[in-house]
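Enquirer: got a predicted model here, sequence first, then my questions.
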Amino acid sequence: MNLPTPIRTYFTARAPQDAQAFAAAFAPDAVVHDEGGRHHGPEEIRAWWQAAEERYRHSAEPLEATEAAGKTVVRARVSGDFPGSPAILTFTFGLARDRITDLEIG
């Protein structure tokens, strides 16, 4: 599957060694919506990501990617230490200038 570079970084980064590369994939004003929370800016997003990695010890395998309403929508199998694992989740990415501008996980 041919994913844009910042989305590929999102799915291949490993905590904690890839934290800087992960944060760099996001625009300065990027926003992530996940589990009812809102995380703003690369550093807050990096902290959210590292906490989720520690809590759930999860991995996500992209299954398919489509374009809809100017966004890249990736369905991925997410496995980890959480009820219902593995689960198929939808990651809806907004992109601009080779950076993630927004992400909604559902």
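Expert: Yep, that arrived. Numbering: from 1, shown residues only.
Enquirer: all strands for the protein, in order.
Expert: For the chain, applying DSSP state E gives strands covering 26-34, 37-40, 59-68, 71-79, 87-96, 99-105.
Enquirer: identify the residues contacting the shortest one?
Expert: Okay, so that is strand 37-40. 29-32, 45, 47-48 (C-beta atoms under 8 Å, 6 or more residues apart in numbering). All C-beta atoms are positioned from the backbone trio N, CA, C, and that covers glycine.
Enquirer: how about the CA coordinates for it, as CSV?
Expert: Listed next in CSV are the C-alpha coordinates belonging to strand 37-40 (Å, rounded to 0.1, in the frame of the first residue of the first chain):
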residue,chain,number,x,y,z
GLY,A,37,-9.9,13.6,23.7
ARG,A,38,-8.4,16.4,21.7
HIS,A,39,-4.6,16.7,21.4
HIS,A,40,-3.1,19.9,19.8
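Enquirer: picking up where we left off before, now the contacts of strand 37-40 as a markdown table including pLDDT, neighbour count and distance to residue 106?
Expert: Listed next are the contacts of strand 37-40 as a markdown table, based on pLDDT from 0 to 100; neighbours: other C-beta atoms under 10 Å; distance: C-beta to C-beta, whole Å:
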| residue | pLDDT | neighbour count | distance to residue 106 |
| --- | --- | --- | --- |
| 29 | 98 | 12 | 21 |
| 30 | 98 | 22 | 17 |
| 31 | 98 | 18 | 14 |
| 32 | 98 | 22 | 12 |
| 45 | 98 | 21 | 17 |
| 47 | 96 | 14 | 21 |
| 48 | 97 | 17 | 16 |
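Enquirer: now for the residues you listed: which two are most distant?
Expert: 29 and 47 (16.5 Å; C-beta to C-beta).
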